[in-house]
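Student: here are the coordinates; sequence isn't available:
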């Protein structure tokens, strides 16, 4: 069994990320990809993240307690960066992306809501460790974490997908050999391998460029580089992230603030 694993920080999830997932599922989309001779996977697990990017945590100024006393912390944008709030991404994944993305049935999207680690790379290692433990114990089969699929140890190859630079950085030969021994880049199963896909083989767009579109208020360019989705869904995603970046607050906090202002306004009307 071939298992494709795709760690996805994705702030935000764009067309390049989407095509990488498709490549893990169906292997051949472009001429350049055919030359890479990518494996065809039986199951593809995409680990998605709800963490924020471009923010820092500070003490909530409305909380009278000190940090030592357990005062609340809030996220605020880092100077010079366009924030993407984890709460917004959780809403976008659960209500806009998952229901509308057209992915092959073999693809499973796994988030922290499903028990995955907040750090997608950590979840990748959980799957690899499950195979290594079963191999070391001489077991014939093992259960793939998060999906519950049973696989034959001797026939299993785990393929980890990322762009070609991230593969070298996050899954170096030294690190992976230390953790998984002879399984790393083993020619035959059981095996764990890194599949580096250059951005030129997918869509040449980066999260940095997408966040710059948000910063510049260029929602049309931003929307065009989102994955294939209905136009209204693309616009909604762009508007949520743009409004949060402009206000420096995630959607949930903006809603609370608006409700607070409305209550104050109603109170003034009643008491006038």
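Tutor: Ah, there it is. From a predicted model like this one, the values you see are computed outputs, not experimental measurements.
Student: so how many other residues sit close to residue 182?
Tutor: 11 (other Cβ atoms under 10 Å). Placement of C-beta: from N, CA and C, glycine included.
Student: Would you map the helices across the stretch 51-200 of the chain?
Tutor: Under the criterion DSSP state H, counting those that start in this stretch, the stretch 51-200 of the chain carries helices at the ranges 86-91, 120-136, 164-170, 173-180.
Student: so which of these is the most packed in?
Tutor: Ranked by mean neighbour count under mean count of other Cβ atoms under 10 Å, the helices of the stretch 51-200 of the chain are led by helix 86-91, which reaches a mean of 20.
Student: Summarise which helices and strands that one is packed against.
Tutor: helix 231-247, helix 251-271 (3 or more Cβ pairs under 8 Å, 6 or more residues apart in numbering; DSSP states H and E).
Student: ranking these by mean pLDDT, which is last?
Tutor: Across the helices and strands packed on helix 86-91, helix 251-271 has the smallest mean pLDDT, namely a mean of 53.
Student: thinking again about what came up before, ok, which of the helices of the stretch 51-200 of the chain comes nearest residue 252?
Tutor: helix 86-91 (5.2 Å; Cβ to Cβ).
Student: which residues are in contact with the closest one?
Tutor: Helix 86-91 has contacts (Cβ atoms under 8 Å, 6 or more residues apart in numbering) with 10-13, 49-52, 111, 113, 240-241, 244, 250-253.
Student: How far off centre is it?
Tutor: 11 Å (Cα atoms, centre = their mean, to the nearest Å).
Student: Mind checking the pLDDT average for it?
Tutor: 95.
Student: on that earlier part again, what subset of the contacts of helix 86-91 is buried?
Tutor: 10-13, 49-52, 111, 240-241, 244, 250-251, 253 (16 or more other Cβ atoms under 10 Å).
Student: how close does residue 202 get to residue 174?
Tutor: According to Cβ to Cβ, to the nearest Å, residue 202 stands 27 Å off from residue 174.
Student: and which of the buried ones among the contacts of helix 86-91 is nearest residue 139?
Tutor: Nearest member of those to residue 139, counting by Cβ to Cβ, is residue 111, at 28.6 Å.
Student: Show the contacting residues for the spatially closest residue to residue 17 that is not a sequence neighbour.
Tutor: Using Cβ to Cβ, 6 or more residues apart in numbering and skipping residues adjacent in sequence, the residue nearest residue 17 is residue 10, 5.2 Å away. Counting by Cβ under 8 Å, 6+ apart, residue 10 touches 17, 48, 49, 89, 207.
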